[in-house]
Every structure is written in structure tokens, then in C-alpha cells.
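Student: Just a sequence and a predicted model for now, questions to come.
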Amino acid sequence: MDGFEQEAWWANGPTGKQAMTDWTEVELSALRRAYASGTTRVSYDGKSVDYGSAEDLLARIRTIERAIAGVGRPLPVAGLAGFSRGDRA
């Protein structure tokens with residue numbers, strides 16, 4: 001299993017779904033340190049993952065950041081109501 005496949009497995013888990021609580025600040029910190037140092041191998045909590053590229057690593061970082069921030073939730077919709085008196089065109 002290469003880094004990208006392994007990353008996908010960690011992201012999806014055996015059920016194909018991952019709860020936001022599965023991501024930890026420890027993992028996010030390790031990913032950020034690896035990205036900043038220019039390496040694609042990340043180790044944390046006794047686990048190691050090899051990412052295929054810096055872009056793959058950055059994508060993982062962004063995914064976790066969005067999940068933690070709750071960006072995946074639907075945003076409320078705001079609208080603008082228009083009115084017409086009917087006697088003016």
C-alpha cells in the first residue's frame with residue numbers, strides 16, 4: 001500500500017466513513033511539521049504514513065482543518081425579498 005492508499009484508508013477507515021473526532025491535534029501537528037520540513041513521511045502515535053507528494057500531504061492537512069472547523073456543514077441560506085406595488089413597471 002503506497003502513501004496515498006494508506007492515507008485514504010486512514011481517512012475512510014474500514015467502514016468508509018470517518019467521524020471528525022477520529023482526527024486529533026497530535027496528527028494535525030505532525031502533518032504540519034512534516035510539511036514544513038519538506039518530508040512526506042509522517043509519524044505520530046506509533047503510526048507512520050508515507051504520502052506520495054507534498055500536495056497529498058497538504059490535501060490531508062486541509063481536509064482535517066476543514067473538518068475541525070466544521071466547514072463540511074451546510075451553510076444557512078440568506079435571501080433577498082423583492083416587493084412590487086403592481087402599479088409600476
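Tutor: It's in.

Student: Could you name the specific helix or strand carrying Ala30?
Tutor: helix 25-37 (DSSP states H and E).

Student: Averaged pLDDT, that helix. What do you get?
Tutor: The pLDDT scores in helix 25-37 average 93.

Student: Direction included, what does the following helix or strand past it pair against?
Tutor: Per DSSP H and E, the first helix or strand lying C-terminal to helix 25-37 is strand 41-44. Next to strand 41-44 in the sheet, as set by DSSP bridges, lie strand 47-50 (antiparallel).

Student: and the longest helix along the chain, which residues are buried?
Tutor: Counting by DSSP state H, the longest helix found in the chain is helix 54-69. Residues of helix 54-69 classed as buried by neighbour count (16 or more other Cβ atoms under 10 Å): 56-57, 60-61, 63-64, 67. Quick note: C-beta positions are derived from backbone N, CA and C, even for glycine.

Student: So which of those residues is the closest to Gly82?
Tutor: Lowest distance from Gly82 to the buried residues of helix 54-69 (Cβ to Cβ) belongs to Ala67, with 37.5 Å.

Student: Quick check: the gap between the closest one and Leu58.
Tutor: 15 Å (Cβ to Cβ, to the nearest Å).

Student: So Gly86 versus Leu80, what's the distance?
Tutor: As for Gly86, its distance to Leu80 is 19 Å (criterion: Cβ to Cβ).

Student: Likewise for Ser29?
Tutor: Taken as Cβ to Cβ, the span from Ser29 to Leu80 is 43 Å.

Student: The two - which one has more neighbours?
Tutor: Ser29 (11 against 4; other Cβ atoms under 10 Å).

Student: Point out where the chain drops to low pLDDT.
Tutor: 1-21, 71-76, 88-89 (pLDDT under 70).
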